[in-house]
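# Okay, structure incoming, though there's no sequence with it:
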């Protein structure tokens, strides 16, 4: 192919002859006409530009929260005794304000007062140049090394929240003989040591000493009162208790375990379904994944498997490729030869499997599959678990289908499957007591090298009905071998015996370092109090689930194993299992004029002679030697009287970041108005870390001024703390009544329906009496001070600063924690009350009253604000054209008004669900989510949890809830007429209740007993 070619010169000539290029004219682009968009009727979430949604309210991070920032001005508080003064303390809660002090091998740390054993703190007067510091509690002088005051001890002098870490693995423990104890310098007394050496003997719980629990001493006369730990601790006439010495004297043969292990024994009810078995496996797998990611933060784990129905079997998880189980037979605890043979046999069998990764669970998968007759390692399809109503409906349909099918129809089902199905048609049997005893045996003698700590995890869907711990009265004349469809009926007398049985069993388990937790499911009566008695000594949990195949089990199971553990020393005797029970100790120290009067929460009061723990002894001895060198008198120190009037010691069953105690205090007659201008508090928590290598001592110190007068005290009150402190006392009374107790630890009690309803009604009267007395005292105070009339009638009848507490107490008295109404079953209420008595402030607030968040009135709105509105927990918050997200701790509700039920609002519902889930995604126990529409059966339950403000007059409604004035008249009329079946006499609105209770003619003051008495 040819084409013309021009030279470079010709190309240059052409360029010169051509005219210059014209400038291109830039014209504005014509905008295409924008067609108006047509709204599709689906509201959308309007994202706030650059604005982060409102953060969640963080839990209190100050260690201890008080009912007021100031102490009461006088012992009688001028007729205001019904406004409590006290605190709520969560000892092991995460706290980023704590200053950590690594003691290493320094003998002087921690630094404690020789007279009262209080820890050095910012409120002490310290002379760094002279090495002298004066205790802020007893005002006695002490000596410390000058260089250490400037370096190691300095953080404790500058911070009111410190944590001492003492290494337990630096050297072997050394036995201290009685002669060595006596040889300690006569110049100062350092207390007594106690030998604690428990050798294992397999016992029947019935043979345990029922009187082993110590009792509060009431021999001494004085102004102090004694109280029982874990309950409303009632102080009675007597001096403040002296305390048991928990010093551990380890054998000279003892060595520290570097490669620490923890044994987990799964105790599984074979009456559960295959889906439940899958759920249990999924939960175990999730924990193994968490432990792998922790990179050495957890001890090595051994797992055992015990299954039970009317007999108990132990699987040999150490045998790979085969599911082999041995039937467990209880033996006589007095038969020594049988005990020795049992121990030897269990050591030779491979019952325990060490688990480091998911592949190590193959044997557990095989054994669970053999137990349930289905492959439990099959993954589910992500379907939501059935609700209780759906389970009952499905069971009824299955029964009717079988009846219609007939008995004579030939079936081709395998005879093995037939036998299992036949067994399921008979009445389920559960020998829970024997299964737990078997698991205890397994943790103690199931391995040549027993673990330092162990945990038993029970999974069941019914109550114990066979053997020890049975709660069902069996009629010997009744034939119980055929098909039985009726559920077990819990007998109140058998339940009380079961509670005693399980409490003794669990106490023995704790002595061997074993904690217990229970996971329940099903729709039948579970006898929750019996299971609570089984877990209470070790500080365990009873958690109910709709189904064990739910994601709730996975999260709850993992949370317990990840966050709680038994605190025990790493010393292990080489010849036998010389073990000690829990080593979690709490000390509360106050000025002598401040007397604890009531205590609620877990734990056991230490009520015998004691002064200091082993970890404090070295620092005390060093301080005493320095004091003697400087010429201080140290004879007869520490002073028993100083400890008696200033210290309270409690022992918990395990380390748990949620375990909380609440204490009410009162000024005694030793208070001197001129001299006592401040009140000192010190809170000390001690425990061994998860791997047994570090002893942790956390110290919180506070010093508050005494209020000038009653008005000053009220203005500094914390409404939320006041409400929760009173509420814990009220919930305690629904379980134990008003009577005071002398026991050092609260035990679970059994009560029939009528008894529990009577206690609940009495507690409601006590709440009414408390409110009436506060109101009367406040009105009298207003008359005395001659204050101007308040703009609000409520503010003139009740302290405005406590208005929030008043509303919370109203919700409490009508809610499931107190009210004997039909909203919750007896088992559900027992579980909820157990959580409330041991949980922190923020969790309790959510239990007392639901928290509501609403889209507002959205009829015809194209965009909905991302941030939801806070609305009061009352029926008038449920608008037809709104979607409400509610948080009531164990349930999260997403409620849609009848105008927002269509698919057009699905995106808004999802947003509300995400919004409320942010508050609860890490909560324990994991809450259930209920999607509701106006008029649903479950919607009635949600509505019943709200205050019936629709019963108030229209004027009162608008005054209390101003947002109602913005609603269209038609919507407002529909809202007021929504609830048609309502008895105002049975369930009064907040305003009706308060004005009735606060009336001078109300009899609550005479019939009820103040929650502060």
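Thanks, I have it. Not measured: the values here are computed from a predicted model.
# Who is the nearest residue to residue 630 once chain neighbours are set aside paired with across the strands?
Sequence neighbours aside, residue 143 is the residue nearest to residue 630 in space, at 5.2 Å (criterion: CB to CB, 6 or more residues apart in numbering). Yep, even glycine has a C-beta here, placed from its N, CA and C like the rest. Residue 143 has these beta-bridge partners by DSSP bridges: residue 132.
# burial measure for residue 143, as a count.
Neighbour count of residue 143, defined by other CB atoms under 10 Å: 23.
# and it, what does it touch?
Contact partners of residue 143, counting by CB atoms under 8 Å, 6 or more residues apart in numbering, are 131, 132, 133, 623, 626, 627, 629, 630, 632.
# 10 Å instead, please
111, 114, 130-133, 622-632, 634 (CB atoms under 10 Å, 6 or more residues apart in numbering).
# so of the residues you listed, which ones are in strands?
Among the contacts of residue 143, DSSP state E puts 132, 133 in strands.
# Now, the contacts of residue 143 that are in helices?
Among these, DSSP state H puts 622, 623, 624, 625, 626, 627, 628, 629 in helices.
# Quick check: of the residues you listed, which lies closest to residue 121?
Closest to residue 121 out of the ones in helices among the contacts of residue 143 is residue 623 (15.1 Å), distances taken as CB to CB.
# Which one of the ones in helices among the contacts of residue 143 sits in the busiest neighbourhood?
residue 623 (26 neighbours).
# Now do residue 328, the pLDDT please.
If you check residue 328, the pLDDT there is 83.
# residues contacting it?
Neighbour list for residue 328: 306, 308, 311-314, 342, 346, 431, 434-435, 437-439, 441-442 [criterion: CB under 10 Å, 6+ apart].
# quick one: the helices in the stretch 651-800 of the chain?
Taking DSSP state H, counting those that start in this stretch as the test, the helices found in the stretch 651-800 of the chain are 710-715, 719-736, 753-785, 793-797.
# Tell me which residues of the shortest one come out buried.
Right, helix 793-797. If you call a residue buried by 16 or more other CB atoms under 10 Å, then helix 793-797 has these buried ones: 794, 796, 797.
# Can you add pLDDT and distance to residue 318 and give the residues you listed back as TSV?
Converted to TSV, the buried residues of helix 793-797 look like this (pLDDT from 0 to 100; distance: CB to CB, whole Å):
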residue	pLDDT	distance to residue 318
794	88	68
796	88	74
797	90	70
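# Count the neighbours of residue 763 for me.
By other CB under 10 Å, the residues close to residue 763 number 28.
# for residue 966, same thing?
Residues lying near residue 966 (other CB under 10 Å) number 10.
# Not counting sequence-adjacent ones, nearest residue to it?
Excluding its sequence neighbours, the residue lying closest to residue 966 (CB to CB, 6+ apart) is residue 857, at 7.3 Å.
# Looks like residue 141 contacts residue 113 (just checking).
Yes: counting by CB atoms under 10 Å, residue 113 is a contact partner of residue 141 at 9.3 Å.
# Same drill for these two, tell me which one is more crowded.
Shown here are residue 141 and residue 113; by other CB under 10 Å, residue 113 has more neighbours (26 against 16).
# Just list the residues touching the more buried one, thanks.
Residues counted as contacts of residue 113 (CB under 10 Å, 6+ apart) are 119-120, 124, 133-142, 589, 620, 623, 637-638, 642.
# make it 6 Å
Going by CB atoms under 6 Å, 6 or more residues apart in numbering, residue 113 touches 135, 142.
# nearest spatial neighbour of residue 525, skipping sequence neighbours?
residue 490 (5.5 Å).
# before we move on, back to that, return the most buried member of the helices of the stretch 651-800 of the chain.
Ranked by mean neighbour count, those are led by helix 719-736 with a mean of 24 (mean count of other CB atoms under 10 Å).
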